[in-house]
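*Asks:* next come a sequence and a model predicted from it.
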Amino acid sequence: MSNATIDRQWTTRLRRRVEGALPPEKLLPDTQPSYVASWIYVFGVATLVALALVTLSGLVLALKGPTWWHVSNVGHFVNSTHLWSVELFFFSMVIHLWGKFFMAAWRGNRSLTWITGGVTFMASIGTAFTGYVSQTNFDSQWIATQAKDGINSTGIGAYFNVLDLGQMLMWHITLLPLAAIALTGLHVILVRKRGVVPPFADEVAA
Amino acid sequence: MQPSHLAGVINLDHPGHYIHFHWLLISYGNAIVIGLMVATFVAVLFLPFPGSRLKDSHE
């Protein structure tokens, strides 16, 4: 097989493209610029850690079923871990968002990084809302009956029925988490590819 | 259903408390969380990061 034939293979072309865009030293760097030594840069990673906790506790709840936590001390603990890691997730994500907004973190060809972060935030809100209506308690019933009027007024109530526990649970544990986690992965890859946005002063100096 | 352990410390058996000021209507719980986020955001802008001064002195 000639070199030209190998060069044409899609696996070869994809590998070279990935290696060019994300060499290993860029994907897993040893050091960061000195301006990253600030607490404001901690909250992106804190969000990732919280997402891992949300996912792990959610996996246990998914294995045991939506009503397990009502009848088990361990289930109650796992459910509470799921709730409080979600609180930590949104808390960290909002501070990360504020920090990046005031840094104008879309500078330097980083618009897609900003957009994937924004869309991840939206997907996370959807995941949280469908979680509220999947609690299988009076709280979830109340929220679902209140939400249905809002959803119906948008015209999508026939396709996205907040009173349908099965549908809401599937959105909550499958579709939306997959979207949120995939977008988070893409967001992190883009951060690694483009690097952390420098402060305004450094950009002007450069 | 398991009794909430928090309920032993705080009586939750009542309607939620809300701040109502003109057009603004927000529960105390949400207002406290937003206040904590703002306070944390301001704090992280000014709190020194461990080792950052050391790194600056080497540069």
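*Replies:* That came in fine, so what should we check first? Numbers count the residues shown, from 1 in each chain, chains lettered A, B, ... in the order given.

*Asks:* where does chain A dip in pLDDT?
*Replies:* Chain A contains residues with pLDDT under 70 at A:1, A:202-206.

*Asks:* near chain B, which residues of it?
*Replies:* By Cβ under 8 Å from any Cβ of the partner chain, the residues of chain A that approach chain B are A:34, A:37-40, A:42-43, A:69-73, A:76, A:87, A:91, A:94-95, A:98-99, A:137. Using the backbone N, CA and C atoms, a C-beta is placed for each residue, glycine as well.

*Asks:* other SSEs contacting the helix or strand hosting residue A:61?
*Replies:* Element membership for residue A:61 (DSSP states H and E) is helix A:42-64. Where contact means 3 or more Cβ pairs under 8 Å, 6 or more residues apart in numbering or on different chains; DSSP states H and E, helix A:42-64 is packed against helix A:73-102, helix A:176-194.

*Asks:* who's in contact with it?
*Replies:* Contacts to helix A:42-64, defined as Cβ atoms under 8 Å, 6 or more residues apart in numbering or on different chains, come from residues A:68-69, A:72, A:75, A:78-79, A:81-82, A:85-86, A:88-89, A:92-93, A:95-96, A:99, A:173, A:177, A:180-181, A:184, A:188, A:191, B:44.

*Asks:* packing partners for the helix or strand that that helix is followed by?
*Replies:* Sequence order places helix A:68-71 as the next helix or strand after helix A:42-64, per DSSP H and E. Applying 3+ Cβ pairs under 8 Å, 6+ apart, one finds that helix A:68-71 contacts helix A:73-102.

*Asks:* ok, back up a step: got JSON lines for the helices and strands packed on helix A:42-64, with mean neighbour count and distance to residue A:9 too?
*Replies:* Listed next are those as JSON lines, based on neighbours: other Cβ atoms under 10 Å in any protein chain shown; distance: least, Cβ to Cβ, whole Å:
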{"stretch": "helix A:73-102", "mean neighbour count": "18", "distance to residue A:9": "39"}
{"stretch": "helix A:176-194", "mean neighbour count": "17", "distance to residue A:9": "23"}
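
*Asks:* got those as JSON lines, with distance to residue A:47 columns?
*Replies:* What follows is these, written out as JSON lines (distance: least, Cβ to Cβ, whole Å):
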{"stretch": "helix A:73-102", "distance to residue A:47": "4"}
{"stretch": "helix A:176-194", "distance to residue A:47": "8"}
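
*Asks:* flag every buried residue along the helix holding residue A:61.
*Replies:* Going by neighbour count (16 or more other Cβ atoms under 10 Å in any protein chain shown), the buried part of helix A:42-64 is A:42-44, A:46-48, A:50-51, A:53-54, A:57-58, A:60-61.
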